[in-house]
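Visitor: this is a predicted model, with the sequence first.
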Amino acid sequence: MITFLVCLAVLIAAYFLYGGFLERVVNINPKADVPSKTKYDGVDFMPLPRWRIFLIQLLNIAGTGPIFGAILGACYGPVAFLWITLGGIFMGAMHDFMAGVISLRNGGQSLPEIIGKYLGGGMHKFTLVVIPVLMILVGAVFIVTPSQILADKTDIPYLVWVAVIIVYYFVATVLPIDKIIGKIYPVFGAALIFMAVALLGVLLFGDYRIPELTSVDNMHFNADKLPIVPTLFISIACGAISGFHATQSPLMARCMTSERQSRPIFFGAMISESVIALIWAAMAMAFFGGVESLNDYMQANGSNAGVAVSLICDTTLGRVGSILAVLGVVIAPITSGDTAFRSARLIIADMLKFDQRPIYKRLVVSLPLFAIGVLIASVDFDIIWRYFAWSNQALSVITLWMITAWLMRKHSRVVFLSLIPAIIMTYVCSSFVFVSNQFVGMGATDLAYLYGAAVTAVISGLLMLKIRKDVKRGAAI
């Protein structure tokens, strides 16, 4: 319990301390013009209340990440607490805050546009292809998962649920942001927070024992089969850092009314997600009576975190828990799925300089995206998800290097705040390629880690040379 409480306190304190420090680094200006004022269009650019934007952002970035990812991460043992806490603060929250501020100061531009501005035309072209594909991949994944769960829990066939979710996605993607997303997301976001608070109460006042991080020996379970580096970082994903978050920040940057809202909306939403992930990781370890028992249960159920979520909520929270479980495993991914498609629409529209005020222009962009999404949804879910997890973290690598370039152009003395995370995550993704059976499949061997380090050195060296060259050339920020 002590390890858990310390990590919880550190996450909360970080919002005030590290979040405040980052505000000074970027020199937040409450009087600066914002896109909701300068580019108002009544569709994507429009002012919304801060509390509403925060809850929308939390739900956008959450999906099943802080629940499913945290449970899978808990299988590694108490070391998961460290990554959720330190990763969530110094990587995830910093990543989300900086990417959000950069988008805000560039007129709410989509992620590929700001990556192109600070990392060059080659990276711009690359991300213009990769990021929309990733968004469609997210949307497709979150068509399949909720449909399967709803079909299991009702008498309605799977394909009917697929059709219902696709229709909802389409409507939410093309309508102005205040019509559906702005109205129902805050309700679901509040429910997600309520679920986490309820489980926190169970942990604090129930008869559960949370494993402690007392020594190196007990911090990690089954190190041979579950190597911390790089698989823990890929497994927890959104609970600590996620490139997907940076694709969602421009949606909210277009609705903010002041730069001062950046800390609660970007930094605060990520800290909240890490808190939720921490609670779920602790609950998973405690509920099943320890890390070894949790692993046994997950293995017996095909590593299906959704089954664990339903059992935990039904047992600890009763009928309310059952409803919350449905929320966690159905509503959360649906809300991330539709904003993924919306983000893809905006990225394509920004690329084509296509005014999105006329609805027929939104339809022209959206229809092909949904056609591709439906095709992807017919592919085996396990295959889609397996490669999404890695590509999501790879996107965070690109975003971290973009932030580094932005800080260097500002001649910031604290460029290490993003440079160190950029190098670490580059190594995580590079070594995963050699370790994982999804790619080369060398396993957790010294040679695999050496190859990962070599790739990291090459990528980091080339990017630093380019960034320094741009800075000397006097590229504008």
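Guide: Here it is on my side, so go on. Residues are numbered from 1 along each chain as shown.
Visitor: what ranges do the helices span in the stretch 1-150 of the chain?
Guide: 2-26, 35-38, 50-62, 70-74, 79-82, 94-105, 111-119, 121-153 (DSSP state H, counting those that start in this stretch).
Visitor: so for A240, which of the ones you listed sits nearest?
Guide: Checking the helices of the stretch 1-150 of the chain against A240 by CB to CB gives helix 70-74 as the closest, at 8.4 Å. All C-beta atoms are positioned from the backbone trio N, CA, C, and that covers glycine.
Visitor: which elements pack onto that closest one?
Guide: Applying 3 or more CB pairs under 8 Å, 6 or more residues apart in numbering; DSSP states H and E, one finds that helix 70-74 contacts helix 79-82, helix 233-236, helix 268-287, helix 291-300, helix 305-326.
Visitor: could you pull out the buried residues of it?
Guide: 70-74 (16 or more other CB atoms under 10 Å).
Visitor: before we move on, which element is L346 in?
Guide: According to DSSP states H and E, L346 maps onto helix 332-352.
Visitor: using TSV, lay out the helices and strands packed on helix 70-74 together with mean pLDDT, distance to N27 and mean neighbour count.
Guide: Below are the helices and strands packed on helix 70-74 laid out as TSV (pLDDT from 0 to 100; distance: least, CB to CB, whole Å; neighbours: other CB atoms under 10 Å):
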stretch	mean pLDDT	distance to N27	mean neighbour count
helix 79-82	93	32	24
helix 233-236	87	31	24
helix 268-287	96	19	27
helix 291-300	91	44	16
helix 305-326	80	41	18
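Visitor: show me the contacts for F432.
Guide: Shown in contact with F432 (CB atoms under 8 Å, 6 or more residues apart in numbering): 230-231, 234, 390, 393, 439, 452.
Visitor: angle of the helix or strand encompassing it against helix 94-105?
Guide: Assigned by DSSP H and E, F432 belongs to helix 416-435. Angle of helix 416-435 versus helix 94-105, following axes from the mean of the first three to the mean of the last three CA atoms, to 10 degrees, is 120 degrees.
Visitor: next, count neighbours for V455.
Guide: Using other CB atoms under 10 Å, V455 is surrounded by 17 other residues.
Visitor: verify the stated contact: it with S430.
Guide: Yes: between V455 and S430 there is a contact at 4.1 Å, judged by CB atoms under 8 Å.
Visitor: now S258: phi and psi?
Guide: With angles defined as degrees, to the nearest 10, S258 sits at phi -160, psi 150.
Visitor: what about it, how many neighbours?
Guide: Using other CB under 10 Å, S258 has 17 other residues around it.
Visitor: all numbers from here: first residue = 9
Guide: Yes, from this point I'll number from 9; that puts the last item at S266.
Visitor: which ones are touching the nearest residue to it once chain neighbours are set aside?
Guide: Leaving aside its sequence neighbours, S266 sits nearest to P38 (CB to CB, 6 or more residues apart in numbering; 5.3 Å). Going by CB under 8 Å, 6+ apart, P38 touches 266-268.
Visitor: using TSV, please lay out these together with pLDDT and distance to R217.
Guide: As requested, the contacts of P38 are exported to TSV (pLDDT from 0 to 100; distance: CB to CB, whole Å):
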residue	pLDDT	distance to R217
S266	97	45
E267	97	45
R268	97	42
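Visitor: kindly indicate which of these lies nearest R421.
Guide: R421 lies nearest to E267 out of the contacts of P38, by CB to CB, at 21.2 Å.
Visitor: give me the three-state assignment for H419.
Guide: coil (DSSP: H, G, I helix; E, B strand; the rest coil).
Visitor: got the phi/psi numbers for it?
Guide: Backbone torsions of H419, given as degrees, to the nearest 10, read phi 60, psi 40.
Visitor: next: D215.
Guide: Main-chain dihedrals, D215, degrees, to the nearest 10: phi -90, psi 70.
Visitor: P86 now?
Guide: Phi and psi for P86, reported as degrees, to the nearest 10, are phi -60, psi -10.
Visitor: about what we covered before: make a markdown table out of the contacts of P38 and add distance to R417.
Guide: As requested, these are exported to a markdown table (distance: CB to CB, whole Å):
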| residue | distance to R417 |
| --- | --- |
| S266 | 24 |
| E267 | 18 |
| R268 | 23 |
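Visitor: out of those residues, the closest to A352 would be?
Guide: E267 (26.6 Å).
Visitor: residue contacts, the closest one?
Guide: So E267 contacts 36-38, 40, 42, 109, 112-113 (CB under 8 Å, 6+ apart).
Visitor: turn the residues you listed into JSON lines, columns for distance to P429 and pLDDT.
Guide: Putting those into JSON lines (distance: CB to CB, whole Å; pLDDT from 0 to 100) gives the following:
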{"residue": "I36", "distance to P429": "21", "pLDDT": "96"}
{"residue": "N37", "distance to P429": "25", "pLDDT": "95"}
{"residue": "P38", "distance to P429": "28", "pLDDT": "94"}
{"residue": "A40", "distance to P429": "26", "pLDDT": "95"}
{"residue": "V42", "distance to P429": "27", "pLDDT": "96"}
{"residue": "V109", "distance to P429": "16", "pLDDT": "97"}
{"residue": "L112", "distance to P429": "21", "pLDDT": "97"}
{"residue": "R113", "distance to P429": "21", "pLDDT": "96"}
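Visitor: could I get those as a markdown table with distance to A352?
Guide: Below are those laid out as a markdown table (distance: CB to CB, whole Å):
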| residue | distance to A352 |
| --- | --- |
| I36 | 30 |
| N37 | 31 |
| P38 | 32 |
| A40 | 28 |
| V42 | 24 |
| V109 | 23 |
| L112 | 20 |
| R113 | 23 |
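Visitor: by neighbours, which of the residues you listed wins?
Guide: L112 (28 neighbours).
Visitor: wait, that one touches S270, no?
Guide: Yes: counting by CB under 8 Å, S270 is a contact partner of L112 at 6.7 Å.
Visitor: now for the helices of the stretch 9-158 of the chain, which one comes closest to I189?
Guide: Set against I189 and scored by CB to CB, the helices of the stretch 9-158 of the chain come closest in helix 58-70, at 6.1 Å.
Visitor: now, which of the contacts of E267 sits nearest V405?
Guide: The nearest member of the contacts of E267 to V405, counting by CB to CB, is V109 at 19.1 Å.
Visitor: contacts only, for the closest one.
Guide: 34, 36, 267, 270, 274.
Visitor: for A465, the count of nearby residues, please.
Guide: A465 has 14 neighbours, counted by other CB under 10 Å.
Visitor: contacts only, for it.
Guide: No contacts exist for A465 under CB under 8 Å, 6+ apart.
Visitor: quickly find the element holding it.
Guide: Going by DSSP H and E, A465 is part of helix 454-481.
Visitor: so where's the chain uncertain?
Guide: Counting by pLDDT under 70, the ranges of the chain that qualify are 223-232, 333, 388-394, 483-485.
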